[in-house]
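sequence-free structure coming up:
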Ligand code: SAH
Ligand code: SF4
């Protein structure tokens, strides 16, 4: 009998952290010849109690633990840096092999909500002109274990969960580094673990996937999973969006909005799409843009989130003045949109996405270019769905 990961060319142990319930059930039944219920049992150990070794699982027999040890492991990403801001924001830089790093940031919102911003790729291939992750280019996709491992790390920093009402992470947004729909199956698997009661037990309204607009994958997503959706629009017409978000040349705005409508139909409840609109001075922050945006979005049940551009060196863009951001918001108000402005958090720990990764890279002298590029995007993390 073999129980090594068939997807791996080496005889590495199977990392159980990134496995969904059906995948674990298959593992126990087919590969170990054990009972199906072991899957839920082990998921609870990993995701509720933050276990990372089979020795901790005292309700498994010694023989089963030895069997597991022989072919499987629980391997979360390695934490390289953990920082806590004076405003309560926590940030982790995680080593994901070959000297690559990604970040996860936990933002407290009020007393009861803590939103974790999770990365899905190292870098990104979609090259949006205002995005520092895009400027790094694509390095690699994260595995399901590396994606869900970010939630695991955040939860562990608060200690094991005592009961279901005590959740260190109440919301997750897939808004860190990378485009989740370009790393489709691992992102979906990780979100399934977020929703599963044996995993993190989050409701579908509290898990949000943000995408720059890959239409076929969006249609597939609606068939596979029910989570909240945010789209990175940033422009009210194709001419401008083609420049800011190059994937728009392949899937123009109307195709994207139609895909959003299909997605909402599949969800079958009164959900709204979150439309993200990053404001860049003199580019998309004028009254004509607000009016065009409001008119465009009449066709879609949605709410607009305004994100003042987070500058980074040589980006070529500037953040509009506070007054201009407020003016833009009031033009949308007049058209019936509340359009909250996403605030930057955790500035004292460089919680702006990318900064901390930059520091680690500098320390190891791996890549001077990060020092310039990664002074990024202040947190896009404050967003989340409304409850
Ligand atoms: N790839 C996905 C999710 C990650 S980016 C997407 O594009 O939606 C998360 C959000 O941050 C997106 O809306 C993205 O457009 C925005 N963003 C990227 N760089 C930014 C910057 N420098 N300032 C403000 N928002 C930025
Ligand atoms: Fe990739 Fe999103 Fe950045 Fe565009 S905004 S380059 S899709 S991470």
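Now that the structure is in, tell me what you want to look at. Source: prediction; values computed, not measured. Residues are numbered from 1 along each chain as shown. Ligands and ions are numbered 1, 2, ... in the order given.

which parts of this structure sit against ligand 2?
124, 126, 127, 128, 131, 133, 134, 178, 179, 212, 232 (C-beta under 6 Å from any ligand atom). (C-beta placed from N, C-alpha, C; glycine too.)

and the residues you listed as TSV, adding secondary structure?
As requested, those are arranged in TSV below (DSSP: H, G, I helix; E, B strand; the rest coil):
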residue	secondary structure
124	coil
126	coil
127	coil
128	coil
131	coil
133	helix
134	helix
178	coil
179	coil
212	coil
232	strand
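
nearest to residue 76 among the residues you listed?
residue 178 (18.3 Å; C-beta to C-beta).

tell me the contacts of the closest one?
102, 119, 120, 121, 122, 123, 124, 133, 141, 142 (C-beta atoms under 8 Å, 6 or more residues apart in numbering).

gap between the nearest residue to residue 293 once chain neighbours are set aside and ligand 1?
Leaving aside its sequence neighbours, residue 293 sits nearest to residue 236 (C-beta to C-beta, 6 or more residues apart in numbering; 4.0 Å). Using C-beta to the nearest ligand atom, to the nearest Å, residue 236 is found at 15 Å from ligand 1.

among the residues of the chain next to ligand 2, which one lies nearest to residue 35?
residue 178 (37.3 Å).

check what pLDDT the closest one gets.
Residue 178 carries a pLDDT value of 95.

do you know how far the closest residue in space to it that isn't next to it in sequence is from residue 233?
Nearest residue to residue 178, sequence neighbours excluded (C-beta to C-beta, 6+ apart): residue 121, at 2.7 Å. Residue 121 sits 21 Å away from residue 233, going by C-beta to C-beta, to the nearest Å.

neighbour-wise, which of the two wins?
residue 233 (29 against 25; other C-beta atoms under 10 Å).

Provide the partner residues of the residue nearest to that one when sequence neighbours are not counted in its beta bridges.
Distance criterion C-beta to C-beta, 6+ apart; nearest residue to residue 233, sequence neighbours excluded, is residue 275 at 5.0 Å. The residues listed as beta-bridge partners of residue 275 by DSSP bridges are residue 231, residue 304.

mind listing the helices in the chain by residue range?
In the chain, the segments counted as helices under DSSP state H are 21-26, 38-47, 62-71, 132-136, 144-156, 184-195, 215-224, 238-244, 253-267, 287-297, 322-334, 355-363, 368-373.

residue numbers of the stretch 101-250 of the chain in contact with ligand 1?
Counting by C-beta under 6 Å from any ligand atom, the stretch 101-250 of the chain sits next to ligand 1 at 128, 130, 131, 132, 175, 179, 210, 211, 212, 232.

residues in contact with the last one?
So the one you mean is residue 232. If you count contacts by C-beta under 8 Å, 6+ apart, then residue 232 has 128, 210, 211, 212, 213, 245, 276, 278 around it.

perfect, I'm done here.
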